[in-house]
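**Student:** With the sequence up front, the predicted model follows.
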Amino acid sequence: MDRYERILTLHRLLKSAHYPVPLPKLMDELECSRATLYRDIGFLRDALGAPIESAGGEHAAFRYELSEGERFELPGLWLTSDELAALLALNELIGRSGPGVLAGALAPFKSRIEHLLSDRGSGKALPVERIRVIPWGARKLDQQAFRIVAGAVLERKQLRFRYRARTTGADSRRTVSPQRLTHYRDNWYLDVWDHDREALRSFAVDRIAEAQAMDAPARDVPEVELDQALASSYGIFAGQPKAWATIRFSSHAARWVADEHWHSQQKGEWLSDGRYELQLPYSNSKELLMDVLKYGPDAEVIAPLPLREEMKILLQLAQGAYQGSPR
């Protein structure tokens with residue numbers, strides 16, 4: 001155990017103790033000699049201002065001398081070498097799963113952690129090389145726009161931006177009260193109260209441009225209301241569910257689907273012949289049908305009838321594309 005970890009452990013022991021902690025117990029917990037322990041106690045008291053009270057003599061013991069309701073905390077951020085290494089590994093994972101999004105903002109922090117680890121001489125190799133992250137479907141994200149959007153969410157400020165709709169290509173100017181950021185399928189979305197539409201909306205952050213945080217405070221929408229409007233239906237599409245879909249999977253696909261999370265309110269049932277039936281609410285069929293299609297002949301939409309007919313049309317169109325030679 002290095003000195004930083006001993007100081008942190010010593011502080012935790014003295015902070016949580018209701019009675020003076022005997023010297024032998026402290027030496028045992030810190031895995032150090034009597035002389036080392038006294039040096040650490042001196043550093044904690046003299047350099048960090050800890051209110052340490054000691055009982056001398058043959059049975060030395062130590063505790064924090066605090067008034068009722070008073071607390072003492074170490075100045076700054078104190079982490080063990082293992083905690084720092086884990087934090088740096090997490091930073092590496094963020095960089096690999098979403099390159100560029102937070103790299104610039106976290107670069108000074110990463111450098112500082114590496115410096116601290118070097119000072120402590122842990123000599124431990126980071127585990128990131130043993131972790132493989134393969135992003136799929138992640139869209140290019142403007143780092144500056146992301147920072148402004150995230151800052152407005154955390155600081156509870158209104159936000160103004162230009163939005164380019166992917167489906168229509170139309171541009172619009174929006175003034176919103178940001179509510180929360182959502183990371184969904186390797187991409188970021190911003191849930192907002194749209195002041196121009198006077199309604200809750202969700203925007204893809206990669207389609208946001210010319211973002212500008214405003215001085216006006218954001219309007220806060222209760223989380224329950226947010227979930228009802230933006231998270232009660234299947235996928236990223238907002239709105240109250242208009243129906244429940246029933247999808248039946250073959251016994252082959254059932255082994256995977258039964259363990260998958262499609263929606264917080266989903267209902268699953270094993271059928272007697274080994275197939276699996278999944279039920280879930282949806283408001284927009286587009287994303288749901290795309291996910292069902294990836295199972296090919298191992299999935300069948302059972303209900304409601306309009307959803308089944310829509311799937312039938314999609315399959316007929318797909319089959320038509322394979323009639324004859326490719327153009």
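**Tutor:** Sure thing, it's come through.
**Student:** what's next to stretch 15-24, contact-wise?
**Tutor:** 13-14, 34, 37, 53-55, 59-64, 71-72 (CB atoms under 8 Å, 6 or more residues apart in numbering). To be clear about C-beta, it is placed using only N, CA and C from the backbone, and glycine gets the same treatment.
**Student:** Which one of these is nearest to R275?
**Tutor:** Comparing those against R275 with CB to CB picks out L13 as the nearest, at 57.9 Å.
**Student:** wait, is E300 part of a strand?
**Tutor:** Yes. Judged by DSSP: H, G, I helix; E, B strand; the rest coil, E300 forms part of a strand.
**Student:** Excluding chain neighbours, what is closest to it?
**Tutor:** Nearest non-adjacent residue to E300, counting by CB to CB, 6 or more residues apart in numbering: R248, 4.9 Å away.
**Student:** Same check on S172?
**Tutor:** S172's closest residue in space is Y163 (CB to CB, 6+ apart), at 5.3 Å.
**Student:** Next: M27.
**Tutor:** Of all residues not flanking M27 in the chain, L37 sits nearest, at 5.5 Å (CB to CB, 6+ apart).
**Student:** my guess is R3 meets L37, correct?
**Tutor:** No. With contacts defined as CB atoms under 8 Å, R3 does not count as touching L37, sitting 11.4 Å away.
**Student:** And the next helix or strand past the least confident helix or strand in the chain by mean pLDDT?
**Tutor:** Ranked by mean pLDDT, DSSP states H and E, the helix or strand of the chain with the weakest confidence is helix 103-120, at a mean of 63. The element immediately downstream of helix 103-120 (helix or strand, assigned by DSSP states H and E) is helix 143-155.
**Student:** who does that following helix touch, helix- and strand-wise?
**Tutor:** Counting contacts by 3 or more CB pairs under 8 Å, 6 or more residues apart in numbering; DSSP states H and E, helix 143-155 packs against helix 103-120, strand 157-164, strand 171-184, strand 187-194, strand 208-217.
**Student:** so what strands line up beside the second one?
**Tutor:** Sheet pairing here is set by DSSP bridges, and for strand 157-164 it gives strand 171-184 (antiparallel), strand 208-217 (antiparallel).
**Student:** gap between L314 and Q323?
**Tutor:** According to CB to CB, to the nearest Å, L314 and Q323 sit 16 Å apart.
**Student:** Of these two, give the one with the bigger neighbour count.
**Tutor:** Neighbour count, other CB atoms under 10 Å: between L314 and Q323, L314 has more, with 15 against 6.
**Student:** Now the more buried one: closest residue in space that isn't a chain neighbour?
**Tutor:** Nearest non-adjacent residue to L314, counting by CB to CB, 6+ apart: L289, 6.2 Å away.
**Student:** which element is P241 on?
**Tutor:** P241 belongs to no helix or strand when assigned by DSSP H and E.
**Student:** Who is the residue lying closest to it once chain neighbours are set aside paired with across the strands?
**Tutor:** With sequence-adjacent residues excluded and distances taken as CB to CB, 6+ apart, P241 is closest to P281, at 3.4 Å. Beta-bridge partners for P281, by DSSP bridges, are W244.
**Student:** Surely P281 is in contact with F237?
**Tutor:** No. Counting by CB under 8 Å, P281 does not reach F237; the two are 11.3 Å apart.
**Student:** Could you measure from Y19 over to F62?
**Tutor:** 11 Å.
**Student:** and what of Y38?
**Tutor:** Relative to F62, and taking CB to CB, Y38 is found at 10 Å.
**Student:** what do you get for G296?
**Tutor:** Distance of G296 to F62, computed by CB to CB: 69 Å.
**Student:** Helix or strand: which one has R197?
**Tutor:** Remark: R197 resides in no helix or strand, with elements defined by DSSP H and E.
**Student:** tell me the phi and psi of it?
**Tutor:** Torsion angles at R197 (phi, psi; degrees, to the nearest 10) stand at phi -90, psi -10.
**Student:** Around it, count how many other residues there are.
**Tutor:** R197 is flanked by 12 other residues according to other CB under 10 Å.
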